[in-house]
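Enquirer: Sequence and predicted structure, then a few things I'm wondering about:
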Amino acid sequence: HCFAEAEASFQALNAGKNQAIVICGESGAGKTETTKLMLSYLSFVSETMSSRSSEHEETEGLTVAERLLESSPLLEALGN
């Protein structure tokens, strides 16, 4: 399931491991929608974790959501 894969990747990112998710399939298989769902999930959990940690301490660096937003132009350039 795409949310389970997104969660596993998020946990690995939090552990300091680089991640890549390959979404492939035939035309009309739902790759774009799956990508949107996964990015939405990653953004949500990233913001949730960020707000929790900022209540206790100052966070450094960019959140996962911010990193995803910054990488969008590159992803769009390479997509399709």
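Expert: Received the coordinates, thanks. None of these values were measured; they are calculated from a predicted model.
Enquirer: Which secondary structure element is home to N18?
Expert: N18 belongs to no helix or strand when elements are defined using DSSP states H and E.
Enquirer: Run through who's touching the helix or strand of the chain with the lowest mean pLDDT.
Expert: In the chain, the helix or strand scored least confidently by mean pLDDT, DSSP states H and E is helix 64-78, which has a mean of 72. Residues outside helix 64-78 that contact it (Cβ atoms under 8 Å, 6 or more residues apart in numbering): 10, 13, 39, 42-43, 45-47, 50, 62. C-beta: built from backbone N, CA, C; applies to glycine.
Enquirer: any idea which helix is longest in the chain?
Expert: Taking DSSP state H as the criterion, the chain has its longest helix at helix 31-56.
Enquirer: ok, now how distant is S9 from C2?
Expert: 11 Å (Cβ to Cβ, to the nearest Å).
Enquirer: nope, L74 is what I meant
Expert: Applying Cβ to Cβ, one obtains 21 Å for the distance of L74 from C2.
Enquirer: out of these two, which sits in the more crowded spot?
Expert: Neighbour count, other Cβ atoms under 10 Å: between L74 and C2, C2 has more, with 16 against 9.
Enquirer: what's the more buried one in contact with, if anything?
Expert: Listed by Cβ under 8 Å, 6+ apart, the contact set of C2 reads 34, 37-38, 41.
Enquirer: hmm, which of these are the buried ones?
Expert: Buried residues within these, counting neighbours by 16 or more other Cβ atoms under 10 Å: 34, 38, 41.
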